[in-house]
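Asks: sequence? don't have it. structure:
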C-alpha cells in the first residue's frame, strides 16, 4: 500500500489544482481552486475553449458587472463544473481577493457564483465559496452560512482566526502549513523545522485538537504543503488539500504511514470566545499571520489581474 492509499484511509484527500488531467490521475474526493490555480489552468491548451466561452458569455451578460468581471466569474465556475464532473465531492471556488475587506461585496460575489453554478445545473451543496480569513471575510461567511451557502475560509495562519471561523459557523477552514514554515525559515534559516517541529504542522494540529475538544463542527483542511513530511505529520486531519506533485510523491512511496491526529486527542488550550477586538489584537501580536495574510491576499489579487489581462485580449 502506498502512503497515498494509506492516507485515504484516515483523511479525505483533496486535490489542490485546477488541472483536469492531474485530478483524473489522482482521483481525489474534493478539489480546491484559487486565482493562482485558475491562472495556471487558463494556460493549458485544453482550457482554451472555456476562455473563449467566458468571453462570449461576458459579452452577452447584462447584470451590471463589467465584462471582465463577468468573464472571470464565468471561467471560475466553468472550470469548477468541469472538475465536479470527475470528482464525487466538493469544489472550492474563491471570491476575488480584492474584496477581502468588504463584507457586503464578498456576500454579493458569493451569491453570484452560487447562482451561476446553479444555472449550470450544479447544486450549491457541491460548492464551497473560498473567502480570505479577514474579520470582514469571516463575517461574510457567517451571513452566507446562515443562508445555506457553505464556505471555505482560506489564508488562515493564526489560532484566533480559526476560532473566529468556527464561531461564525464556517463549514471548512484551510490553515496554511507551508507558508507558515516559509516565514519561520526566513527568520531562522538554520533551525530544524522537520516533522513535528514544523510550525505550520504545529498550528494545524493545535486547531484540530481545539475543534475536537470543544465540539466545533468546522472541518479542518490543512493546505499549502512544501513537502510530504508535513502531510505525513498531519495524517488523520479531517481533510488535506495537496498539489499534484506531492500526491505523486505519496503514491510512489510504499513505506508505512502512521496516523498522527485522532479526534480523541484533547486540547491544551482553554475554550475562548473571539470578538472583533480580540481578533484584531491577536493578529496585531502575530507578525507571521499578519504578514502572510496580507501577502496571500496580494498574491491572489495579482494573479487575478493577470487572468483579467488574458481575458481582455479575448474580449
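Replies: That came in fine, so what should we check first? Model, not experiment: these values are computed from the prediction.
Asks: give me every residue that touches residue 303.
Replies: 35, 36, 38, 39 (C-beta atoms under 8 Å, 6 or more residues apart in numbering). Where you see a C-beta, it was placed from the backbone N, CA and C, and this is true even at glycine.
Asks: tell me the one of these nearest residue 164?
Replies: Nearest to residue 164 among the contacts of residue 303: residue 35, at 23.5 Å, using C-beta to C-beta.
Asks: my guess is the closest one contacts residue 97. True?
Replies: Yes. Contact status for residue 35 versus residue 97: in contact at 6.5 Å, counting by C-beta atoms under 8 Å.
Asks: one step back: any idea which of the contacts of residue 303 is the one closest to residue 201?
Replies: residue 36 (22.7 Å).
Asks: and the closest one, what element?
Replies: helix 35-42 (DSSP states H and E).
Asks: ok, and for that helix, which residues are buried?
Replies: Residues of helix 35-42 classed as buried: 35, 36, 37, 38, 39, 40, 41, 42 (neighbour count, 16 or more other C-beta atoms under 10 Å).
Asks: take those residues and write them to a markdown table, including pLDDT.
Replies: Below are the buried residues of helix 35-42 laid out as a markdown table (pLDDT from 0 to 100):
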| residue | pLDDT |
| --- | --- |
| 35 | 86 |
| 36 | 87 |
| 37 | 87 |
| 38 | 89 |
| 39 | 87 |
| 40 | 87 |
| 41 | 84 |
| 42 | 84 |
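Asks: switch those over to CSV; also include distance to residue 14.
Replies: Conversion of the buried residues of helix 35-42 to CSV gives the following (distance: C-beta to C-beta, whole Å):
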residue, distance to residue 14
35, 18
36, 16
37, 12
38, 16
39, 20
40, 17
41, 16
42, 21
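Asks: circling back to that earlier point, what is the helix holding residue 36 packed up against?
Replies: helix 67-84, helix 287-314 (3 or more C-beta pairs under 8 Å, 6 or more residues apart in numbering; DSSP states H and E).
Asks: out of the ones you listed, flag the one nearest residue 275.
Replies: Using C-beta to C-beta, the helices and strands packed on helix 35-42 put helix 287-314 closest to residue 275, at 17.5 Å.
Asks: for residue 210, which non-adjacent residue is spatially closest?
Replies: The shortest distance from residue 210 to any non-neighbouring residue, by C-beta to C-beta, 6 or more residues apart in numbering, is to residue 267 (4.4 Å).
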